[in-house]
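Novice: heads up, no residue letters with this:
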């Protein structure tokens, strides 16, 4: 993702002033961050929060695509507002995925009138992905639960509890990301799905989010950038 974003940013005539990985993590300092107009944070669940806080300390806007740390998301949002910083979070930066989010909620609202159809989800990603289910799957699950009114929470794996939404996670090869939402009855099944062909769509979305965030203050997401109600 880092390489994809760098290529896209350079193609748009922007300069990369700082690149951080495990090999040079000591260079992630407030002084170095202040050389940038905006930061894009795609790291690991263990390091994401510290990296975000460092960006807040440097007073530079930060776009975050790391998942697996969302137990602290509300804390980060509150700190952003309190300190008048700029924070943009998305579990997925693909425009197509966000259209899929809208379709998912619409279908869930329709299907709540047909309790004989049991909802479930599946997500497939590359073997390097550290968290399961994916952040995108969790966002889909939250949207379905809110619009459907049947399941009250999601669980990883099989369930026979009608108040739980099953999410099945698979890790295969170099799959960029595939997400499916199904409604299954005794006689048939309805499925909607989104399949990413490469990481380029995610990278393009993250770069455009970074450009959009410059000069703003507050907490934002893809709905704000794409003007989706």
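Specialist: Yep, it's here. Here the structure is a predicted model, which is why all the values come from computation and not from measurement. Residues are numbered from 1 along each chain as shown.
Novice: going forward, measure contacts between C-alpha atoms and count neighbours the same way
Specialist: Noted.
Novice: all helices in the protein, in order from the N-terminus.
Specialist: Along the chain, counting by DSSP state H, helices occupy 2-11, 30-33, 48-58, 73-82, 95-111, 135-148, 200-213, 222-226.
Novice: Please tabulate the ones you listed in CSV, including the columns mean neighbour count and distance to residue 124.
Specialist: Shown next, in CSV, are those (neighbours: other CA atoms under 10 Å; distance: least, CA to CA, whole Å):
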stretch, mean neighbour count, distance to residue 124
helix 2-11, 15, 21
helix 30-33, 15, 35
helix 48-58, 19, 23
helix 73-82, 14, 24
helix 95-111, 17, 14
helix 135-148, 21, 10
helix 200-213, 20, 16
helix 222-226, 14, 22
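Novice: Among those helices, which comes closest to residue 186?
Specialist: Nearest to residue 186, of all the helices of the chain, is helix 95-111, at 15.0 Å by CA to CA.
Novice: Would you mind giving the helices of the chain as CSV with distance to residue 156 and mean pLDDT added?
Specialist: Shown next, in CSV, are the helices of the chain (distance: least, CA to CA, whole Å; pLDDT from 0 to 100):
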stretch, distance to residue 156, mean pLDDT
helix 2-11, 29, 91
helix 30-33, 38, 96
helix 48-58, 23, 97
helix 73-82, 20, 97
helix 95-111, 19, 94
helix 135-148, 10, 95
helix 200-213, 24, 92
helix 222-226, 26, 91
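Novice: any chance of those in JSON lines, plus distance to residue 177?
Specialist: Listed next are the helices of the chain as JSON lines, based on distance: least, CA to CA, whole Å:
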{"stretch": "helix 2-11", "distance to residue 177": "16"}
{"stretch": "helix 30-33", "distance to residue 177": "31"}
{"stretch": "helix 48-58", "distance to residue 177": "21"}
{"stretch": "helix 73-82", "distance to residue 177": "23"}
{"stretch": "helix 95-111", "distance to residue 177": "10"}
{"stretch": "helix 135-148", "distance to residue 177": "9"}
{"stretch": "helix 200-213", "distance to residue 177": "10"}
{"stretch": "helix 222-226", "distance to residue 177": "18"}
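Novice: got the contact list for the residue most central in space within the chain?
Specialist: Centroid-nearest residue in the chain, with CA atoms, centre = their mean: residue 91, separated by 0.5 Å. For residue 91, the contacting residues are 65-67, 135-136, 139, by CA atoms under 8 Å, 6 or more residues apart in numbering.
Novice: Just the pLDDT for it.
Specialist: What the model reports for residue 91 is a pLDDT of 84.
Novice: what's the distance between it and residue 51?
Specialist: 17 Å (CA to CA, to the nearest Å).
Novice: now do residue 140
Specialist: Using CA to CA, residue 140 is found at 26 Å from residue 51.
Novice: and if you look at residue 132?
Specialist: As for residue 132, its distance to residue 51 is 22 Å (criterion: CA to CA).
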